[in-house]
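Chemist: Generate a structure from the sequence data that follows.
(one chain, ligands or ions: 2)
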Amino acid sequence: MQSKPSFVLRNPSVNKGTGFNNEEREKLGLKGLLPPKVETLQEQSDRALSQFTSFNTNLERYIFLNCLRDRNETLFYYLLSNNLELMMPIIYTPTVGEACQKFGNEFRFAQGMYFASRDKGNIRAMMDNWPADGVDIIVVSDGSRILGLGDLGTNGMGIPVGKLQLYVAGAGFHPTRTLPVIIDSGTNTKKYLEDKYYLGERHPRIPDSEYYPLVDEFLAAAYNKWPKVIVQFEDISNDHCFTLLDEYRNKYLCFNDDIQGTGSVILSGFINAVRSVQKPIKEHRMVFLGAGSAGIGVADCIMSLFDEAGISKEEARKSFWFVDSKGLITTTRGDELTSQKKQYAREDYTYQLKSLLEVVRDVKPTAIIGLSGIGGSFTQEIIEEMAKHVEKPIVFALSNPTTNAECTAEQAYQWTDGRCIFASGSPFKPVEYKGKTFVPGQGNNMYIFPGLGLAASVCEAKHVTDAMIITAAKTLASFVEDSEVLTGKIYPGLQHIREISTRIAVKVIEKAYEEGMAQLPRPACIETLVKSRQYIPNYENSNN
Ligand SMILES: O=C([O-])CC(=O)C(=O)O
Ligand SMILES: [Mg+2]
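Modeler: Ligands and ions are numbered 1, 2, ... in the order given. This next block holds a predicted model:
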């Protein structure tokens, strides 16, 4: 039997399944190929939701949703958009982490594109294989640092896929115009090299002399084929991510979500935490655990608050203490520091503090920010020590997925006797403590990247600037009212993500025009333009 390439029931971008009405069934030659009842999108969605809830594990729910997307994209995005709070922890952190770890075992069908070292020289030609007409956004990872889970190699594909689903549901990018990419530069994780189901190239990571030219060729090819595309770098290990961002941020339209997206979302949470504790920025003492992409990105963003308060960079740096696996990062501790660590290395310590507990005792921080990837590293002793000295301790346990969080929400509220302002990277359920309900904030870059990316794409920005990133943070912060902030709420509800992303996009575009970064002629109304570009999942928008 010859297959028909345009067979609509097998094409998720146009398939409506039982949603095809009788006229369409007639026209498209579908008569007899579907059960008789014509259903509305809502009826289909009700069934899909009941199927979703019938599974026993989150991994099964993840697989179900991705298979649904592979059958009927409109239904998938309709279901997801209407059930975001329920489904976000499945398509995104924490379940996506498990899905990546088991990517080879659970593989069913391919999504996105893969480019490996042996494709060097052919990447541009390979891009012509991508079936969609155009691409507005690419999320690219090399799988070298997936969430806090380490080097997963090609298994990391789940992350670009999940991030792009959020770009669609959260901001309104058109699903067929998104492209998830893995640059396969090998993996240093023995378990995967030996796993018979592993789907990537089976070799250790290639040296920098091959890695950088491979990424360079990929980017040159992408911008050659899709000149207006925005590229988001994602989950790339510390030894490469800063170099890539420095190299390309003023050359192409791109940003790094773990450095800049996380920086922006935590700046936003911090702005609201500062509102909540009602203590001016210069009185804060911030201890960071982890000096990787996220830690440095967050500190760089928070520096902007000092700048606005008229405090010099030099003075501002004295409010930051960074702790890594060797203890407090100082200029005098005797090891070679990366240039990112150097910026925040303390020069004023004649003694060594070897652990986070020692640092907390010494510094008496007002805020402790975990981006270490090490689950449980905020121990009871550390948090209790901190809580002795501050009325409302700011505790951000931001590593992903949930198992890597530095402490749980429940622990943070218990150990501070319900006084802390808490945020985590992956979701925690509300906590009952001493008769009160505490709703933990989710300080995850998901609040920022969809709107930021949409802004950059819609106004055809030349580059993504620091001012645009800070604007995104402030816009997000403004969604939480004063009265809410005082109760410890620092992030708005996730159910409002479309509205949030739209407003972030509008504000960031205004900033881009102000800075001369927007290349599209200025529209009469930015909001109208943004809204006109947003995909809404319904059958009226499809071509049949
Ligand atoms: O994916 C997330 O949930 C946030 C993020 O970028 C990371 O942890 O690397
Ligand atoms: Mg990430």
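Chemist: list the buried ones in stretch 390-402?
Modeler: By neighbour count on 16 or more other C-beta atoms under 10 Å, the buried set for stretch 390-402 is V390, K392, P393, I394, V395, F396, A397, L398, S399, N400, P401, T402. (Each C-beta comes from the backbone N, C-alpha and C, glycine too.)
Chemist: For beta bridges, what are the partners of the fourth one?
Modeler: Applying DSSP bridges to I394 yields these beta-bridge partners: A367, I421.
Chemist: change the start of the numbering to 827 and stick with it
Modeler: Sure thing, new numbering starts at 827, so read that last one as I1220.
Chemist: and it, what is it in contact with?
Modeler: Applying C-beta atoms under 8 Å, 6 or more residues apart in numbering, one finds that I1220 lies in contact with F1096, A1099, V1103, T1192, A1193, I1194, I1195, C1246, I1247.
Chemist: Local confidence estimate at it?
Modeler: I1220 carries a pLDDT value of 98.
Chemist: How about the residue of the stretch 1227-1370 of the chain found nearest ligand 2: what's its closest non-neighbour residue?
Modeler: In the stretch 1227-1370 of the chain, the residue that lies nearest ligand 2 is N1271 (6.8 Å; C-beta to the ion). Excluding the flanking residues, the one nearest N1271 by C-beta to C-beta, 6 or more residues apart in numbering is G1087, at 3.5 Å.
Chemist: Tell me how many other residues surround that neighbour.
Modeler: 28 (other C-beta atoms under 10 Å).
Chemist: just G1277 next, same as before
Modeler: Here the count is done by other C-beta under 10 Å, and G1277 has 31 residues near it.
Chemist: For A1299, see how far away it is.
Modeler: G1277 sits 11 Å away from A1299, taking C-beta to C-beta, to the nearest Å as the criterion.
Chemist: To which secondary structure element type does the residue in the stretch 1177-1326 of the chain that ligand 1 sits nearest to belong?
Modeler: Proximity of the stretch 1177-1326 of the chain to ligand 1 (C-beta to the nearest ligand atom) peaks at N1226, 3.6 Å away. Look at N1226: counting by DSSP: H, G, I helix; E, B strand; the rest coil, its state is coil.
Chemist: Then I1326?
Modeler: Of the three states, I1326 takes helix under three-state DSSP.
Chemist: What are the buried residues along the helix or strand where E911 lies?
Modeler: Following DSSP states H and E, one finds E911 within helix 910-917. Buried residues in helix 910-917, defined by neighbour count with 16+ other C-beta under 10 Å: L910, M913, M914, P915, I916, I917.
Chemist: Turn the residues you listed into CSV, columns for distance to ligand 2 and pLDDT.
Modeler: Formatted as CSV, the buried residues of helix 910-917 follow (distance: C-beta to the ion, whole Å; pLDDT from 0 to 100):
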residue, distance to ligand 2, pLDDT
L910, 19, 95
M913, 19, 98
M914, 15, 97
P915, 16, 97
I916, 17, 98
I917, 14, 97
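Chemist: Among the residues you listed, which one sits closest to V1186?
Modeler: P915 (30.3 Å; C-beta to C-beta).
Chemist: doesn't G923 make contact with the closest one?
Modeler: No - in terms of C-beta atoms under 8 Å, P915 does not count as a neighbour of G923; the distance is 10.6 Å.
Chemist: And ligand 2, is the host helix or strand of P986 touching that?
Modeler: If you go by DSSP H and E, P986 is part of helix 984-992. No - using C-beta under 5 Å from the ion, helix 984-992 never reaches ligand 2; the gap is at least 6.5 Å.
Chemist: What angle do helix 910-917 and that helix make with each other?
Modeler: 160 degrees (axes from the mean of the first three to the mean of the last three C-alpha atoms, to 10 degrees).
Chemist: Moving C-terminal from helix 984-992, which element do we reach first?
Modeler: Downstream of helix 984-992 (by DSSP H and E), the next one is strand 1004-1010.
Chemist: helices and strands around that following strand, which ones?
Modeler: For strand 1004-1010, the contact count by 3 or more C-beta pairs under 8 Å, 6 or more residues apart in numbering; DSSP states H and E identifies strand 939-942, strand 963-967, helix 984-992, helix 1034-1051 as packing neighbours.
Chemist: Put together CSV for the ones you listed, with mean neighbour count on each row.
Modeler: Output for the helices and strands packed on strand 1004-1010, formatted as CSV (neighbours: other C-beta atoms under 10 Å):
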stretch, mean neighbour count
strand 939-942, 20
strand 963-967, 27
helix 984-992, 26
helix 1034-1051, 17
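Chemist: For E1336, find the nearest of the ones you listed.
Modeler: Nearest to E1336, of the helices and strands packed on strand 1004-1010 and by C-beta to C-beta, is strand 963-967 at 20.8 Å.
Chemist: partner strands of the closest one, parallel or antiparallel?
Modeler: Per DSSP bridges, strand 963-967 is paired in its sheet with strand 1004-1010 (parallel), strand 1056-1059 (parallel).
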